[in-house]
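Student: here's my sequence, what's the structure:
(chains A and B)
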2 protein chains.
Amino acid sequence: MPVFRVELAVRPRPGVKDPQAEAVQESLARLGHGGIAVRAVGRLLSMTIDCATSDEAERITAALCEQLLVNPNLETYSVSVEEVV
Amino acid sequence: MPVFRVELAVRPRPGVKDPQAEAVQESLARLGHGGIAVRAVGRLLSMTIDCATSDEAERITAALCEQLLVNPNLETYSVSVEEVV
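Tutor: Residues are numbered from 1 along each chain as shown, chains lettered A, B, ... in the order given. The predicted model follows:
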């Protein structure tokens, strides 16, 4: 069966409080860095999925996001899929 | 001054224990999902940087990674930079 490498990026929705980004911003300020705005801190999940097609890997990933990996009230996600050869 | 959007992906080094990936893997197993291997869970930082050139944005980002954002013993990172127009 083919194997697909899936990269899932989960980010806070715009407007949702992002305490990790605030923490990084404050640390940068303490270190004296200006001109840098930390927009968001999110998560990156790398998976491999054994399935028939790239479309199926995307459907499986969407189901995982819904069931477990993403809080749709607070987060959005994007997915990239490529076949492992 | 130009503004650059920087996406920083921080991942555990291969072979380093990744408890977040293990936790996701166990949850997937409990939910009955087979054929999925969680390879790594990392962080994604989105920033904007005011500076002269894309190269300078990359240099600043490398300095931030060294000073604050990345533990080089346990993590690797990759950076993408694009100008905000």
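Student: next SSE downstream of the strand or helix carrying residue A:22?
Tutor: Secondary structure from DSSP states H and E places residue A:22 in helix A:19-30. On the C-terminal side of helix A:19-30, the nearest following helix or strand under DSSP H and E is strand A:36-50.
Student: show me what from chain A comes close to chain B.
Tutor: A:1, A:9-11, A:21, A:24, A:27-28, A:31, A:33, A:35-51, A:60, A:64, A:67-69 (CB under 8 Å from any CB of the partner chain). Quick note: C-beta positions are derived from backbone N, CA and C, even for glycine.
Student: name only those of those that count as buried.
Tutor: Members of these that pass the buried threshold by neighbour count (16 or more other CB atoms under 10 Å in any protein chain shown) are listed as A:9-11, A:21, A:24, A:28, A:33, A:36, A:38-47, A:49, A:51, A:60, A:64, A:69.
Student: centre of the chain to stretch A:19-31, how far?
Tutor: Here the centre of stretch A:19-31 is set off from its chain's centre by 20 Å, with CA atoms, centre = their mean, to the nearest Å.
Student: list of residues touching that stretch?
Tutor: For stretch A:19-31, the surrounding residues in contact (CB atoms under 8 Å, 6 or more residues apart in numbering or on different chains) are A:12, A:36-41, B:45, B:64, B:67-69.
Student: and with 10 Å instead?
Tutor: If you take CB atoms under 10 Å, 6 or more residues apart in numbering or on different chains as the criterion, stretch A:19-31 is touched by A:12, A:18, A:33-43, B:43, B:45-47, B:63-64, B:67-69.
Student: and stretch A:56-69, by the same measure?
Tutor: Applying CB under 10 Å, 6+ apart, the external contacts of stretch A:56-69 come out as A:2-8, A:10, A:43, A:45, A:47-51, A:53, A:70-72, A:75-77, A:79-83, B:24, B:27-28, B:30-31, B:33, B:35-36, B:38, B:41.
Student: what is the mean pLDDT for the host helix or strand of residue A:64?
Tutor: Take DSSP H and E as the rule and residue A:64 turns out to sit in helix A:54-64. If you average the pLDDT over helix A:54-64, you get 98.
Student: tell me the buried residues in that helix?
Tutor: For helix A:54-64, the buried set under the neighbour-count rule, 16+ other CB under 10 Å, comprises A:57-58, A:60-61, A:64.
Student: show me what contacts residue A:45?
Tutor: Applying CB under 10 Å, 6+ apart, we find residue A:45 in contact with A:6-10, A:61, A:64-65, A:69-70, A:77, A:79, B:20-21, B:24, B:38-42.
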